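> One predicted model, sequence on top.
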Amino acid sequence: EIEKWFALIDSIENGKTELQTTIKQAKSKILGLAIHGKLVPQDPNDEPASELLKRINPKAELTCDNGQYGKMPEGWCETILGELFEHNTGKALNSSNQGGIMRDYLTTSNVYWDTFDLSVVKQMLFKENELEKCTVVKGDLLVCEGGDVGRSAIWNQDYDICIQNHLHRLRPKAELSVRFYYHVLKYLKDNNMIGGKGIGLLGLSSKELHKLPFPLPPYNEQQRIVNKIEELFTLLDNIQKSLEV
């Protein structure tokens, strides 16, 4: 599949716009293959995902047959986001809030796909008992509740920061590749399964986010998938950059 898309990119001679569209489609196809277990081969030596899920919660909801993502590859299962991640939103901006510590905080305007715009960072008061719920640490996945619903990025800074209530903070309950689940969210968004038409969500309240179906590959396969996605996306990004010269 991927070789077909790269061959198509090589054959296009009708200008930058068509090539940029094809690159975007190729990325979407790569993500589709990735989250359906068709991007890298399964390794029978990997611990099955069901065992990983049992360690998190022996009573967790799961299916290893046909769920939202179709027939699961060997070793995979499907569960819901709430079984894999602790999640919550931050603090609502309220002029009546008095007392606490003045802290920097992020809003949806700071979060873009796979990156942050920190040129303007606002501050507000956070009480001591609010900090645990509202503080983001390195490795947390942030997801927009409003605006461009589902837009996501991983906080990779070496310092902590707080969040406003229109951002969800996702923190893995066990050994998971947060990067893999960033790509899952990007695929769902690109296919109108978050905040759009189709069979997914029409919004991202905490309740709806909790129930969002997520594929669960074995942990080692999650890492192999991410490595392959990054490798292929780097090739496509290099083509994209050459168009901008």
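It's in.

> contacts for stretch 38-53?
Outside stretch 38-53, the residues that touch it by CB atoms under 8 Å, 6 or more residues apart in numbering are 1, 30, 33, 60, 62, 64, 73-77, 79, 83, 174-175, 216-221, 224-225, 228-229. Using the backbone N, CA and C atoms, a C-beta is placed for each residue, glycine as well.

> what about that stretch, how long is it end to end?
Taking CA to CA, to the nearest Å, stretch 38-53 runs 21 Å from one end to the other.

> do the same with stretch 34-49
End-to-end span of stretch 34-49 (CA to CA): 16 Å.

> Would you mind listing the buried residues in it?
Neighbour counts using 16 or more other CB atoms under 10 Å place 34, 35, 36, 37, 39, 40, 46, 48, 49 of stretch 34-49 among the buried residues.

> what's the answer for stretch 123-135, then?
Buried residues in stretch 123-135, counted by 16+ other CB under 10 Å: 124, 126, 130, 134, 135.

> Contact partners for the fourth one?
Pointing back at residue 134 there. Taking CB under 8 Å, 6+ apart, one finds 90, 91, 105, 126, 162, 163 in contact with residue 134.

> Repeat the analysis, applying 7 Å as the threshold.
For residue 134, the residues meeting the contact criterion (CB atoms under 7 Å, 6 or more residues apart in numbering) are 90, 91, 126, 162, 163.

> which pair in those spans the largest distance?
126 and 163 (10.3 Å; CB to CB).

> Among the contacts of stretch 38-53, name the ones in helices.
If you go by DSSP state H, the contacts of stretch 38-53 have 30, 33, 83, 219, 220, 221, 224, 225, 228, 229 in helices.

> Okay, the last one and residue 159: tell me how far apart.
The span separating residue 229 from residue 159 equals 28 Å under the rule CB to CB, to the nearest Å.

> Likewise for the first one?
Residue 30 sits at a distance of 33 Å from residue 159 (criterion: CB to CB).

> Which one's more surrounded, those two?
Under the criterion of other CB atoms under 10 Å, the comparison of residue 30 against residue 159 puts residue 30 first, with 21 against 9.

> I'd like the distance from the more buried one to residue 226, if you could.
Summarising the geometry, the distance separating residue 30 from residue 226, computed by CB to CB, is 12 Å.

> Quick check, residue 222 in contact with residue 175.
No: shown here, residue 222 and residue 175 do not form a contact pair, counting by CB atoms under 7 Å, at 9.3 Å.

> More neighbours: those two, which one.
Relative neighbour count places residue 222 above the other of residue 222 and residue 175, with 24 against 10, counting by other CB under 10 Å.

> What about the nearest residue to that one once chain neighbours are set aside? Give its phi and psi, please.
Ranked by CB to CB, 6 or more residues apart in numbering and with sequence neighbours excluded, the top spatial neighbour of residue 222 is residue 177, at 3.9 Å. According to degrees, to the nearest 10, the main-chain angles of residue 177 amount to phi -90, psi 100.
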